[in-house]
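> for reference, the sequence and a predicted model appear below.
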Amino acid sequence: MLTHLVHMERRWVVWGFLGEQVDRPWGDNVGADPHSGWRVPDDVGRDELLAALHAGGVRTREVLAARDLAERGAVGGRFADEGRTPPTLAWIGFHVLQEYARHAGHLDVARELADGATGE
């Protein structure tokens, strides 16, 4: 889950909104297919993933604080010039928030399955 969140946030904010080229934007997936299953490379550990997750969060907060939420993503990164208008920063930020919420729910289900305890 951590590797997915690291790559997902980078895909939307850095590669998508900012239009910066990123190494292996679909690096959380098996192969180059963005719809394939997730994977964690054998040489990547928890501490490295947590550091990358926190660094990505810092970058996202900086972008959200410095830019107008109505600004559209750059063309050329994630959003190739295919005649479609890139989404706004507000849309991207909300989508990233939804991804985190969705996956936090997945983790809650996994934890309940592991120990049987439920929340409030």
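Cool, the structure landed.

> quick check: which ranges of this protein have low pLDDT?
Low-confidence segments of the chain (pLDDT under 70): 30-33, 120.

> what comes up buried for the longest helix along the chain?
Assignment by DSSP state H gives helix 89-115 as the longest helix of the chain. Buried residues in helix 89-115, counted by 16 or more other CB atoms under 10 Å: 89, 91, 92, 93, 96. Any C-beta I mention is one placed from the backbone N, CA and C, and that applies to glycine too.

> turn these into JSON lines, columns for distance to residue 110.
Formatted as JSON lines, the buried residues of helix 89-115 follow (distance: CB to CB, whole Å):
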{"residue": "89", "distance to residue 110": "32"}
{"residue": "91", "distance to residue 110": "29"}
{"residue": "92", "distance to residue 110": "27"}
{"residue": "93", "distance to residue 110": "26"}
{"residue": "96", "distance to residue 110": "21"}
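
> so whichever strand or helix holds residue 56 versus helix 89-115, what angle?
Per DSSP states H and E: residue 56 is located in helix 46-66. Following axes from the mean of the first three to the mean of the last three CA atoms, to 10 degrees, one obtains 150 degrees for the angle between helix 46-66 and helix 89-115.
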